[in-house]
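> got a predicted structure plus its sequence, pasted below:
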Amino acid sequence: MRLTHLADYAVVMMTAAARRDASARLSATDLAQETGVPLPTAQKLMQQLAAHGLLIGQRGAGGGYALARPVGEISLADIVEAIEGPIVLTQCADGANHECALDTHCRVKPHMGIVGNAVRGALGAVSLQELAR
C-alpha cells in the first residue's frame, strides 16, 4: 500500500497544524508556506479534511481553520480515509460488486476484510500527537 500525494500532503499539513497552539487559527496560506504544499492543493485538502470532521472552518475576520478534535484523538487512519476513502487493499473488499475473473474460485476474498481491518487498526493506532513530536 502506498499513499497518494494528496494523502501524504494531508498528513504533512495536519502534522504541522498539530504543532501549533490548540487555539491557533490555521490558514491554507500559512500551512502551504510552512510545509511546501502548493497553495491550491492545501486549500483543497483543508476543505476535504473539514468535510470529514478533522478541521473546523470559521469565516470572517480572525477566521480560518482549527483542529476539530484534540491531536491525541485524530489518527493517521482518520487523515488517510478523509482523503483516500475507506482503507481496503483489494477492490473485492470494498463492499461494492466488482466483476473479477477469480470470484467463483477465490478463497482469499472472504478474508480480505480482515486484512483491511488490520491495516486500518495499525494506522488508527498512530495518533496525530505522535506524528507531531
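Thanks, I have it. Residues are numbered from 1 along each chain as shown.
> other SSEs contacting the top helix by length along the chain?
In the chain, with assignment by DSSP state H, the single longest helix is helix 109-124. Here helix 109-124 touches helix 76-84, going by 3 or more Cβ pairs under 8 Å, 6 or more residues apart in numbering; DSSP states H and E. For glycine as for every other residue, the C-beta is placed from the backbone atoms N, C-alpha and C.
> for the helix it packs on, buried residues please.
For helix 76-84, the neighbour count (16 or more other Cβ atoms under 10 Å) marks 76-83 as buried.
> give me the contacts around that helix.
With contacts defined as Cβ atoms under 8 Å, 6 or more residues apart in numbering, helix 76-84 is touched by 3-4, 6-7, 10-11, 14, 45, 48-49, 51-52, 54, 87, 120-121, 123-124, 126-128, 131.
> what ranges does this protein have for its helices?
With helices called from DSSP H, the chain shows them at 5-18, 28-35, 39-51, 76-84, 109-124, 128-131.
> how about those helices in CSV, adding distance to Cys100?
Below are the helices of the chain laid out as CSV (distance: least, Cβ to Cβ, whole Å):
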stretch, distance to Cys100
helix 5-18, 25
helix 28-35, 39
helix 39-51, 30
helix 76-84, 21
helix 109-124, 8
helix 128-131, 36
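> closest one to Ala61 among those helices?
Distance to Ala61, taken as Cβ to Cβ, is lowest for helix 28-35 among these, at 15.5 Å.
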